[in-house]
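Colleague: Model the following, please.
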Amino acid sequence: MFLYRSINNLQGSDVERTELDDWESLLYLLCLCATAGVGENRGQPLGNMEMLAIRSWCISAAPMVGILKTLALGSLPAFESLLIRRFNNRQPDIEYLRTLTRDIYTNLFWNPSLGGIRCKGTAFAGGMRFNPFEERVREKDMLVATLAYVLGMARQTSSSLL
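Modeller: Numbering: from 1, shown residues only. Modelled structure (predicted):
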């Protein structure tokens, strides 16, 4: 099962593995929990899971999972339609989980602090000869700090709900 592996890892890239791969894995874990459901009587019926993008990440071979993740995370509209909109609405406070997942995705793949298109998205776009994963590794300290802040804010929000 390749659900939690980063795109770089799945594609056998020679880009250095960093904390960004771990943040990407956390993103996939959040997507799985939000889609499948957590807790008694909150699980998604198996029939509903058959056609979901995230299910194919569990049953396909590593190279295919890398391609599927690249497509699903390649743009915010794709991410929204293939993953966020498929979250299990039976989960309590699902909107908070949607917000956290969007924030992690956006800051990891479309961080507004990074200039230019070179650090954006998941794939080589328009015949360009740069790797967005490689470009982000150069900015990993800033990205990790931003992602830690996002997680801290989510923790504060969830604590205020209790």
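Colleague: contacts and neighbour counts: CA atoms only from here.
Modeller: Will do.
Colleague: Tell me the buried residues in stretch 69-81?
Modeller: 69-76, 79-80 (16 or more other Cα atoms under 10 Å).
Colleague: Can you name the two of those that sit furthest apart?
Modeller: Spatially, the most separated pair among these is 70 and 80, at 13.9 Å (Cα to Cα).
Colleague: Show me what the helix ranked longest in the chain is packed against.
Modeller: Across the chain, the longest stretch assigned as helix under DSSP state H is helix 140-161. Helix 140-161 makes packing contacts with helix 19-36, helix 94-109 when contacts are defined by 3 or more Cα pairs under 8 Å, 6 or more residues apart in numbering; DSSP states H and E.
Colleague: Just put those helices in JSON lines and tack on mean pLDDT, mean neighbour count and distance to residue 146.
Modeller: Converted to JSON lines, the helices and strands packed on helix 140-161 look like this (pLDDT from 0 to 100; neighbours: other Cα atoms under 10 Å; distance: least, Cα to Cα, whole Å):
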{"stretch": "helix 19-36", "mean pLDDT": "92", "mean neighbour count": "19", "distance to residue 146": "11"}
{"stretch": "helix 94-109", "mean pLDDT": "93", "mean neighbour count": "19", "distance to residue 146": "7"}
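Colleague: of all these, which lies closest to residue 58?
Modeller: Of those, nearest to residue 58 by Cα to Cα is helix 19-36, at 10.1 Å.
Colleague: Other residues contacting the closest one?
Modeller: Here helix 19-36 makes contact (Cα atoms under 8 Å, 6 or more residues apart in numbering) with 3-6, 8, 43-44, 49, 54, 83-84, 86-88, 91, 94, 97-98, 101, 104-105, 108, 137, 140, 143-144, 147.
Colleague: Drop anything exposed from these.
Modeller: 3-6, 8, 43-44, 54, 83-84, 86-88, 91, 94, 97-98, 101, 104-105, 108, 137, 140, 143-144, 147.
Colleague: nearest spatial neighbour of residue 86, skipping sequence neighbours?
Modeller: residue 35 (6.2 Å; Cα to Cα, 6 or more residues apart in numbering).
Colleague: what's the distance between that neighbour and residue 67?
Modeller: 20 Å (Cα to Cα, to the nearest Å).
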